[in-house]
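Asks: Test case, fold it:
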Amino acid sequence: MKRGHCIGANAASKPTIIMDQIRVLIIDEHGAVRRALATRLGSYPEVKVVATAGSFQEGLERACALQPDVILLELKGKSGRHPEQVGEMTKALAGKPAGIIVLTSYAVDEERAAALNAGARRYLVKHIDSALLVAEIVSVAEEVASHKTTEC
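Replies: The predicted structure follows:
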């Protein structure tokens, strides 16, 4: 996705966002899940998976290096649930924000509230239809780009 482009923006209208491919990072400790998500998303031309990571720390490093538009983040792992990771990711990416979508195996109300309060833009379950997941990724990327263009 082209970052920070404004066309025809004025006080009475929202800026027009120019979209290319949306750069996505997948963070999930299960290799099969990462591969399946990358395959699912790879069939949509508007999305480009730029990297995957098997741990939060690896994902954080890749996010800082690659600056994806959207991060798909699973908060549940072998050591339990970790909604605080959304806040850590948001803080680490300050100044170069990415839209964080928590993509989880099963929904937990407390986790959802904590993740959204910490800055996640969506909280979705993994069994979401691929077309709907891509629509959510596009929506989040547009929200982030729109926020960036207000500084034009």
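
Asks: C-alpha from now on. contacts and neighbour counts both.
Replies: Fine.

Asks: okay, now residue 65: neighbour count?
Replies: Using other Cα atoms under 10 Å, residue 65 has 10 neighbouring residues.

Asks: So what's the gap between the helix or strand hosting it and the chain middle?
Replies: Using DSSP states H and E, residue 65 falls within helix 56-66. When C-alpha coordinates are averaged (Cα atoms, centre = their mean, to the nearest Å), helix 56-66 and its chain have centres 13 Å apart.

Asks: After it, which helix or strand is next?
Replies: strand 70-73.

Asks: who touches the helix holding residue 65?
Replies: Contact partners of helix 56-66, identified using Cα atoms under 8 Å, 6 or more residues apart in numbering, comprise 25-28, 50-53, 71, 85, 89, 92-93.

Asks: Repeat that for stretch 87-95.
Replies: Identification of contacts with stretch 87-95 by Cα under 8 Å, 6+ apart yields 60, 63-64, 97-98, 115, 118-119.

Asks: could I get those as JSON lines with neighbour count and distance to residue 33?
Replies: JSON lines is the format used below for the contacts of stretch 87-95 (neighbours: other Cα atoms under 10 Å; distance: Cα to Cα, whole Å):
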{"residue": "60", "neighbour count": "21", "distance to residue 33": "18"}
{"residue": "63", "neighbour count": "28", "distance to residue 33": "19"}
{"residue": "64", "neighbour count": "16", "distance to residue 33": "22"}
{"residue": "97", "neighbour count": "21", "distance to residue 33": "25"}
{"residue": "98", "neighbour count": "27", "distance to residue 33": "21"}
{"residue": "115", "neighbour count": "24", "distance to residue 33": "21"}
{"residue": "118", "neighbour count": "18", "distance to residue 33": "24"}
{"residue": "119", "neighbour count": "17", "distance to residue 33": "24"}
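
Asks: Which strands or helices does the helix ranked longest in the chain pack on?
Replies: Longest helix of the chain, by residue count under DSSP state H: helix 130-149. If contacts are counted by 3 or more Cα pairs under 8 Å, 6 or more residues apart in numbering; DSSP states H and E, helix 130-149 sits against helix 31-42, strand 70-73, strand 99-104.

Asks: Residues touching the last one, excluding its own?
Replies: So the one you mean is strand 99-104. Strand 99-104 is contacted from outside by 69-76, 86, 115, 119-126, 137, 140-141, 143-144, using Cα under 8 Å, 6+ apart.
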